[in-house]
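S.K.: Starting from these lines, generate the structure:
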Amino acid sequence: MDKGKKKVILSEMTEEEKVAAEARQRSFERSFAGPSVGKAGLTRDQTEINKIIAESSKGLSNIAYRYYNNQVRKDAELTEKIEWYRAKRDELMKMANVERLETEAERILVEVESTRDLSQVIVHVDMDAFYASVEVQRDPSLKGKAFGVGQGVLTTASYEARTYGCRSGMAGFIAKKLCPHIILTSMHFDLYIAASKAVRAVLIQYDENLMMASLDEGYLNITPYMTTHNMTASEVITQLRAEVETKTQLTISAGIAPNRMLAKICSDKNKPNGQYEMEFDRTVITKFMRDLPVRKIPGFGRVTERCLEGLGVETCGDIYSHRAELLVMDHWFGFRGLCKAYLGIADNSVAPGKREERKSVGVERTFREKMDDEDILNELASISEELEKDLERLQYAGKTVTVKYKLHTFENKTRAKSVPKYINTSKDILPIALELMRRELPVRIRLLGLRLSTLKDLTVFDKGIKGFFTSPSKKRPRDTESEAGPSRQATPTSELMRMEEEDKATMIDMTDLDDDMDSPAISESEDSSITNTTGKRKSLSTNTHLLGPICPICNKALGPSTSNQGLNDHIDWCLNKDAIQEASKKTPKKMKIEKKGIGDDTISRTVESKKKGGGNGTKGTMLNWLKKT
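M.R.: Numbering: from 1, shown residues only. Sure, this is the predicted structure:
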């Protein structure tokens with residue numbers, strides 16, 4: 001819209017409409033500026049910088065213009081969504097008893113308050129401009145200069161670049177507009193992983209249950225360490241930060257609080273190279289939360305911020321003021337979660353991530369625009385090979401293959417398909433990925449990714465019948481030191497993907513997603529002794545194990561001389577031993593069995609107990625009696 005038309009429209013608006021329009025524009029500019037507008041080291045007043053970013057994006061290259069148009073489209077979709085929320089709220093509030101809603105909200109707040117726990121000292125540690133700091137170690141000439149890591153999209157920016165408004169998640173061309181002399185370096189993942197391991201080696205001395213959230217941040221519970229060493233929390237963290245800097249030449253900031261949410265908020269208070277301790281007092285915590293913008297709550301992204309803002313909630317204190325309206329909108333916003341944010345209550349448990357918590361393994365690449373079909377498919381093949389290496393390293397297989405791509409217009413698309421068996425090799429993954437991608441051609445893209453989900457942990461033994469049929473030589477012992485990470489989600493590129501997905505105003509298409517999770521499946525990689533390349537079953541001898549067959553119920557080795565019949569009898573016993581033991585107490589003489597036939601006629605028959613050795617000549621054991629009945 002040109003300035004002339006904009007002025008005409010503004011002149012026709014009432015004063016109230018103008019204020020609303022200006023507020024929407026500021027909100028759009030803030031959203032457009034990216035997810036990291038609150039990063040430490042940025043200019044305090046971001047309004048002017050946000051405006052520059054939005055305005056400058058219109059007049060740059062074609063890529064910048066498409067990027068701007070995509071943001072405008074997403075903002076329009078989000079605005080429509082917010083209007084729907086408002087209309088729904090008004091509709092529900094007309095029918096609601098406000099006094100009763102407020103009473104119920106108060107009851108829930110009291111219930112949530114009862115879960116407050118101030119007994120644990122939780123610390124969130126966050127490396128200062130981690131990737132930038134590692135790049136300075138690699139190239140000391142970068143020290144003191146404005147530079148960013150990543151050339152297409154910045155994964156981080158030095159503090160010198162942040163003063164100009166540059167930040168993580170920002171497109172390179174925007175960074176250059178804000179800071180013409182910025183230096184953009186390529187990424188060196190091997191160096192970041194090595195530096196992260198060095199920092200982790202220090203942190204784990206203070207809490208053996210260290211919970212790493214990514215390569216450059218983590219949580220500790222230092223309560224036991226404080227007790228053992230008779231130190232205050234402040235003394236422990238001062239010592240920890242000094243030790244990290246001495247051993248790694250990297251600085252770290254920390255937040256000390258009663259739970260993880262507060263600790264993460266506090267770690268950003270005195271960045272860089274500082275620490276902040278929250279008082280362990282309910283009054284102090286609730287006062288601190290009252291004026292805190294909702295965007296500062298971990299997990300609250302741009303979309304959540306905009307939607308809550310549309311309902312009049314900008315700070316955590318507003319949650320209480322609008323408690324009746326938010327309670328009636330509980331289905332969409334989760335009232336209990338908002339109560340926890342208002343009260344400053346969150347989980348204070350700290351433990352390493354569990355392998356079973358992992359949802360997917362993926363690889364994605366950003367590049368200059370590709371539009372040649374063969375080039376795109378070759379890129380997909382290369383990505384599938386990299387994904388295979390990651391799956392082998394992390395020891396996972398999965399059933400759902402997802403292809404993600406970003407169009408030249410910056411729209412994200414995903415296509416997914418599930419298969420009935422677990423797979424983890426490029427040979428199995430690539431044909432599915434190619435099938436999904438070929439349907440989309442021709443396309444013009446700037447990002448391509450591949451992900452495997454519906455995961456199975458290959459380090460865990462199968463205890464069922466499939467585990468029995470797997471040769472002991474093929475069973476991998478569980479490595480107690482192995483971890484799920486550092487996962488792709490801990491790397492800069494996937495962190496950017498996470499931040500992009502946070503903006504759910506982008507419409508995501510999912511097709512061909514078959515829910516085959518309950519289908520029987522055996523992974524060829526772990527069951528190659530059963531399934532050949534044609535998919536036909538091979539005959540197996542149950543005597544292939546050195547200790548003989550192993551019962552899949554009790555995991556007992558039955559001896560190398562055990563026959564198939566012996567194995568079956570043992571499995572029957574394991575499955576029915578409770579019933580057998582109960583029946584042994586009182587041997588039945590007669591048993592009536594009723595079952596319904598055609599026309600609901602009842603057919604009854606009496607089964608007389610057999611004498612030992614009678615009937616068909618088989619041994620009259622309790623097991624045989626159970627089989628016959």
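S.K.: What mean pLDDT does the one helix or strand Glu388 maps to get?
M.R.: In the assignment (DSSP states H and E), Glu388 maps to helix 373-394. What helix 373-394 shows for mean pLDDT is 95.
S.K.: Using PDB, write down the CA coordinates of stretch 301-312.
M.R.: Written as PDB, here are the backbone C-alpha positions of stretch 301-312 (Å, rounded to 0.1, in the frame of the first residue of the first chain):
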ATOM      1  CA  GLY A 301       6.300 -17.600  21.500                       C
ATOM      2  CA  ARG A 302       5.300 -14.900  19.100                       C
ATOM      3  CA  VAL A 303       1.900 -16.400  18.300                       C
ATOM      4  CA  THR A 304       1.000 -17.000  22.000                       C
ATOM      5  CA  GLU A 305       2.100 -13.400  22.800                       C
ATOM      6  CA  ARG A 306      -0.100 -12.000  20.000                       C
ATOM      7  CA  CYS A 307      -3.100 -14.100  20.900                       C
ATOM      8  CA  LEU A 308      -3.000 -13.200  24.600                       C
ATOM      9  CA  GLU A 309      -2.400  -9.600  23.600                       C
ATOM     10  CA  GLY A 310      -5.600  -9.700  21.600                       C
ATOM     11  CA  LEU A 311      -7.400 -10.700  24.700                       C
ATOM     12  CA  GLY A 312      -5.900  -7.800  26.700                       C
END
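S.K.: Now do the buried residues in it.
M.R.: For stretch 301-312, the neighbour count (16 or more other C-beta atoms under 10 Å) marks Gly301, Arg302, Val303, Thr304, Glu305, Arg306, Cys307, Leu308, Glu309, Gly310, Leu311 as buried. Quick note: C-beta positions are derived from backbone N, CA and C, even for glycine.
S.K.: Which other helices and strands does the host helix or strand of the third one contact?
M.R.: Taking DSSP H and E as the criterion, the element that holds Val303 is helix 302-310. Packing contacts for helix 302-310, counted by 3 or more C-beta pairs under 8 Å, 6 or more residues apart in numbering; DSSP states H and E, involve helix 15-32, helix 62-95.
S.K.: comparing these, which gets the lowest mean pLDDT score?
M.R.: Of all the helices and strands packed on helix 302-310, the minimum mean pLDDT falls on helix 15-32 (a mean of 65).
S.K.: low pLDDT regions in the protein?
M.R.: Filtered on pLDDT under 70, the chain yields the residue ranges 1-13, 17-65, 461-550, 552-561, 563-565, 571-573, 575-629.
S.K.: ok, now with 80
M.R.: The model of the chain has pLDDT under 80 over residues 1-71, 151-152, 169, 171, 173, 461-629.
S.K.: how near is Ser453 to Leu447?
M.R.: Computed as C-beta to C-beta, to the nearest Å, the Ser453 to Leu447 distance reads 19 Å.
S.K.: mind listing the strands for the protein?
M.R.: With strands called from DSSP state E, the chain shows them at 122-127, 147-149, 156-157, 183-185, 211-214, 217-221, 252-257, 275-277, 360-370, 396-407, 412-423, 445-457, 590-596, 602-608.
S.K.: Would you format those as TSV with distance to Leu240 and mean neighbour count included?
M.R.: Listed next are the strands of the chain as TSV, based on distance: least, C-beta to C-beta, whole Å; neighbours: other C-beta atoms under 10 Å:
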stretch	distance to Leu240	mean neighbour count
strand 122-127	8	26
strand 147-149	25	26
strand 156-157	22	30
strand 183-185	29	17
strand 211-214	15	20
strand 217-221	8	23
strand 252-257	7	27
strand 275-277	9	20
strand 360-370	32	17
strand 396-407	33	22
strand 412-423	39	19
strand 445-457	33	22
strand 590-596	71	9
strand 602-608	74	9
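S.K.: show me what contacts Asn221?
M.R.: Contact partners of Asn221, counting by C-beta atoms under 8 Å, 6 or more residues apart in numbering, are Gln120, Val121, Ile122, Val123, Asp207, Asn209, Asn348, Val350.
S.K.: what's around the fifth one, how many residues?
M.R.: Here the number of neighbours of Asp207 (other C-beta atoms under 10 Å) works out to 21.
S.K.: what does the first one give?
M.R.: Look at Gln120: counted by other C-beta under 10 Å, it has 17 neighbours.
S.K.: for Pro352, phi and psi?
M.R.: For Pro352, the backbone dihedrals (degrees, to the nearest 10) come out as phi -60, psi 150.
S.K.: And for Gly144?
M.R.: Dihedral angles (degrees, to the nearest 10) for Gly144: phi 80, psi 0.
S.K.: and the residue nearest to it when sequence neighbours are not counted, what is it in contact with?
M.R.: Leaving aside its chain neighbours, Gly144 sits nearest to Glu160 (6.6 Å; criterion: C-beta to C-beta, 6 or more residues apart in numbering). By C-beta under 8 Å, 6+ apart, the contact list for Glu160 reads Gly144, Lys145, Ala146, Phe147.
S.K.: Can you flag the buried ones in those?
M.R.: When those are checked for burial by 16+ other C-beta under 10 Å, the buried set is Ala146, Phe147.
S.K.: From the contacts of Glu160, pick the one nearest Asp190.
M.R.: Comparing these against Asp190 with C-beta to C-beta places Phe147 closest, at 19.4 Å.
S.K.: which residues does the closest one bridge with?
M.R.: Residues in a beta bridge with Phe147, per DSSP bridges, are Ile183.
S.K.: and it, how far is that from Gln275?
M.R.: 26 Å.
S.K.: Export the strands of the chain to CSV and append columns for distance to Gly337.
M.R.: Below are the strands of the chain laid out as CSV (distance: least, C-beta to C-beta, whole Å):
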stretch, distance to Gly337
strand 122-127, 19
strand 147-149, 34
strand 156-157, 29
strand 183-185, 38
strand 211-214, 19
strand 217-221, 19
strand 252-257, 18
strand 275-277, 24
strand 360-370, 24
strand 396-407, 28
strand 412-423, 26
strand 445-457, 25
strand 590-596, 50
strand 602-608, 55
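S.K.: Tell me which of those strands lies nearest to Gly344.
M.R.: For the strands of the chain, the distance to Gly344 is smallest for strand 252-257, at 8.5 Å, taking C-beta to C-beta.
S.K.: For Leu448, name its beta-bridge partners.
M.R.: Under DSSP bridges, the beta-bridge partners of Leu448 are Arg365, Tyr405.
S.K.: wait, what's in contact with it?
M.R.: Glu364, Arg365, Phe367, Lys370, Ile376, Glu379, Leu380, Ile383, Val403, Lys404, Tyr405, Lys406.
S.K.: go again using 7 Å as the cut-off
M.R.: Glu364, Arg365, Ile376, Glu379, Leu380, Ile383, Tyr405 (C-beta atoms under 7 Å, 6 or more residues apart in numbering).
S.K.: ok so, going back, tell me the angle the helix holding Val303 makes with helix 62-95.
M.R.: Helix 302-310 and helix 62-95 meet at an angle of 40 degrees, taking axes from the mean of the first three to the mean of the last three C-alpha atoms, to 10 degrees as the criterion.
S.K.: Please verify my assumption that Val149 contacts Met187.
M.R.: Yes. With contacts counted by C-beta atoms under 7 Å, Val149 reaches Met187, the gap being 5.9 Å.
S.K.: who touches both of those two?
M.R.: Among the neighbours of Val149, those also in contact with Met187 (C-beta under 7 Å, 6+ apart) are Thr155.
S.K.: Out of the strands of the chain, flag the one nearest Glu106.
M.R.: strand 252-257 (25.7 Å).
S.K.: Could you export the closest one as CSV, CA atoms only?
M.R.: Only the C-alpha atoms of strand 252-257 are listed here, as CSV (Å, rounded to 0.1, in the frame of the first residue of the first chain):
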residue,chain,number,x,y,z
ILE,A,252,28.7,-18.1,31.2
SER,A,253,25.6,-16.4,32.8
ALA,A,254,23.4,-18.0,35.4
GLY,A,255,20.0,-17.6,37.1
ILE,A,256,19.3,-19.0,40.5
ALA,A,257,15.7,-19.6,41.5
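S.K.: Run through who's touching it.
M.R.: Strand 252-257 has contacts (C-beta under 7 Å, 6+ apart) with 121-128, 233, 237, 241, 244, 263-267, 269-278.
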